[in-house]
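Quick one: sequence and predicted model below, then my questions.
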Amino acid sequence: MNSSTHTYFVYEGLPLQATFYPAAEASAKPLTLLYLHGGGLVFGDRNDLPDTYKKMLSDAGYALLAIDYPLAPEAQLPEITLCLHQALTWFKEESKNLFNLGSADYVLFGRSAGAYLAFLLAARSADPQLKGLASFYGYYSLEDPSFRLPNAHYNTFPKVPAAYVQQQIRKKPLAVGAVTERFPLYLHARQTGKWVPLFLEDKSKTTAFNLTAEELQSLPPTFLTASTADKDVPYRFTQQAAQLIPIAALHPVLGMPHDFDADLSKPAGRRIYQQLIRWLDGLCEE
């Protein structure tokens, strides 16, 4: 696919980049999806969305901007969100000059930890150009007991030694974390129940990074999907969000893994992205 990559901010010497995937010209719609990747805030990269889904969105008329953010534990959650606020400002300022967009209207789109960041950004924004939120197997609070206790599913994996984890932590921030190198950090944190302190060492700040019921009720129209059998992020997050967000479209997936759309051999992923496109079309018609 055609794309262009740009630096939107420099965080402690680290260039943070965003890759723009344009919509098919013949069908361009007045909405851009601002995409935030998953990876437990610890690993992953902005270009992890499979090309199959990028093409589906492009063919349907939707441009996609995939955005870097600094990873934990080298960066903490306050700094991560600060960088993403810079990204939103940069997009709105550059949408016409860099991307030739007729509109700076956008939808925040995140998967897993990226959906959590999208929830935070949307809840703390009064931006009239924010038209919606799309959460794929996301969450909006760090207080869930499953995040602070050893995870039974991850404890079926071989134990990751604490010494190995310390060896993987860099002295400088990074925005791209290969799964092969960085997943063990996440795995160790979930095995020991020490995931939240990995990206938020200061416990006194935790409340500021949890959405209240009132904040959920203030969110823009939201597309919600997750698997009912998710062993990483409890499905109840998606259920509760659907009950509290005033205009919410819930599309559950039955009995599949956390990141069900990663398996392109199964039809569930394409089906959900088709539903996402129909939902986006509805936003454009309002």
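Cool, got the structure.

where does Phe109 fall, phi/psi-wise?
Per-residue torsions, Phe109: phi -130, psi 120 (degrees, to the nearest 10).

To clarify, my last question referred to Leu41.
Torsion angles at Leu41 (phi, psi; degrees, to the nearest 10) stand at phi 70, psi 0.

Next: Asp230.
According to degrees, to the nearest 10, Asp230 has phi -60, psi 120.

do the same with Ala60
Recorded main-chain torsions at Ala60 are phi -80, psi -10, according to degrees, to the nearest 10.

can you pull the pLDDT of it?
Looking at Ala60, its pLDDT stands at 96.

I'd assumed Cys284 was in contact with it.
No. Using Cβ atoms under 8 Å, Ala60 is not in contact with Cys284; the gap is 10.3 Å. The C-beta positions use only the backbone N, C-alpha and C, and glycine is treated the same way.

between these two, who's got more neighbours?
Ala60 (19 against 14; other Cβ atoms under 10 Å).

so what's the more buried one closest to, chain neighbours aside?
Closest residue to Ala60 apart from its sequence neighbours, by Cβ to Cβ, 6 or more residues apart in numbering: Ile277 at 4.5 Å.

Any idea how many residues pack against Phe99?
Burial of Phe99 is recorded as 17 neighbouring residues (other Cβ under 10 Å).

so what's the nearest residue to Glu143 once chain neighbours are set aside up against?
Using Cβ to Cβ, 6+ apart and skipping the chain neighbours, the partner closest in space to Glu143 is Asn210 (5.7 Å). Counting by Cβ atoms under 8 Å, 6 or more residues apart in numbering, Asn210 touches 140-143.

do the same with Asp202
Going by Cβ under 8 Å, 6+ apart, Asp202 touches Gln76.

Identify the contacts common to Ala60 and Cys284.
With Cβ under 8 Å, 6+ apart, Ala60 and Cys284 have common neighbours Lys29.
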